[in-house]
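> Need a 3D model of the sequence below.
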Amino acid sequence: MTYASPIYLASRAAPVVPQDLANHDVISFESVSSPTTWHYWSDGNELAVIFRPRLSVNTIDAAINAGLAGAGVVRALSYQVADYVRDHQLQLLLEAYEPMPHRCIWCTTSETVCRASHVPLSISLFRVCGIC
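Residues are numbered from 1 along each chain as shown. I've put the predicted structure just below:
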């Protein structure tokens, strides 16, 4: 997911489409994505957005902290920034261009157990309840 702080967005209009990132300061975190390309989706087609990062870091904490300080647009997993989004310190951008969330692999309820038979046992041990 793509985010920016209100501090950053006070000086720049929020990107409306992924291609708008060419006119923004981007904070790249190499473990989440390529240091110079982010991928988005539109009508089932992948969009590769190539950019030159303003800042490239190798920890998600550094990327998020730079984003919070207003250094630019950052990409992170939603759980990594949930508190900052809830507290209005980061704003979600380009949500319509993010891929759909994956459905759960294995769900357990009091009545049923559903399990994907083609999933390796090591992965099928993950549990997500209440989704399917």
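
> Residue 27: neighbour count?
Around residue 27 there are 26 other residues, counting by other CB atoms under 10 Å. All C-beta atoms are positioned from the backbone trio N, CA, C, and that covers glycine.

> ok, now residue 99?
Each residue near residue 99 was counted by other CB under 10 Å, and the total is 9.

> For the closest residue to it other than its chain neighbours, give me its contacts.
Nearest non-adjacent residue to residue 99, counting by CB to CB, 6 or more residues apart in numbering: residue 41, 5.0 Å away. For residue 41, the contacting residues are 47, 97-100, by CB atoms under 8 Å, 6 or more residues apart in numbering.

> leaving aside the residues next to it on the chain, what's closest to residue 52?
Nearest residue to residue 52, sequence neighbours excluded (CB to CB, 6+ apart): residue 36, at 6.8 Å.

> Contact partners for the one residue sitting closest to the centre of the chain?
Closest residue to the average C-alpha location of the chain: residue 1 at 2.1 Å, with CA atoms, centre = their mean. Shown in contact with residue 1 (CB under 8 Å, 6+ apart): 75-78, 81, 92, 95, 98.

> If we use 7 Å, what do you get?
Shown in contact with residue 1 (CB atoms under 7 Å, 6 or more residues apart in numbering): 75-78, 92, 98.

> Residue 7 now?
residue 70.

> Then residue 40?
18, 47, 49, 94, 97-98.

> How about residue 80?
Contacts were defined as CB under 7 Å, 6+ apart; by that measure residue 80 touches 60, 64.
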